[in-house]
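Undergrad: Mind folding the following:
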Amino acid sequence: TLKLKGPSASVNLNPVKANIIRSLCIAPDQALEYWPPMEIMGSPDRPVHTGAIFVQLNRLRQKLNRAGLADEAIKSLRLRGYRLTIPVGIHSGS
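TA: Numbers count the residues shown, from 1 in each chain. Below you'll find the predicted structure:
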């Protein structure tokens, strides 16, 4: 199980959400264009629509919020992608 630990709680993350967070953490200026999350979520035989990314990122924002992190932890960048606005770490837990 992957956990994201915040100031008020720890929340479980599925591999897709954890990979999105990892990608945001290592991206230059912690900003990702739209295509990396599409690659993380999809497979060669199953293309991903941008609406699915929107849903996953909203769910990820909710998890970050439950962990006690800011509402704007992941900010949408109009016509560019997404930016992580806070420091985040992920660890394996049981």
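Undergrad: pLDDT score for the closest residue to Ile86 other than its chain neighbours?
TA: With C-beta to C-beta, 6 or more residues apart in numbering as the criterion, Ile86 has its nearest non-adjacent residue at 4.9 Å, and that residue is Ala73. Every C-beta, even on glycine, is put in place using the N, C-alpha and C of the backbone. What the model reports as pLDDT for Ala73 is 89.
Undergrad: how far away is Ala73 from Leu4?
TA: According to C-beta to C-beta, to the nearest Å, Ala73 stands 10 Å off from Leu4.
Undergrad: Report the distance from the longest helix seen in the chain to the chain centre.
TA: For the chain, the helix that runs over the most residues, judged by DSSP state H, is helix 50-66. For helix 50-66, the separation from the chain centroid amounts to 7 Å (computed by C-alpha atoms, centre = their mean, to the nearest Å).
Undergrad: Which elements pack onto it?
TA: Counting by 3 or more C-beta pairs under 8 Å, 6 or more residues apart in numbering; DSSP states H and E, the packing neighbours recorded for helix 50-66 are strand 10-13, helix 15-26, helix 35-41, strand 74-77.
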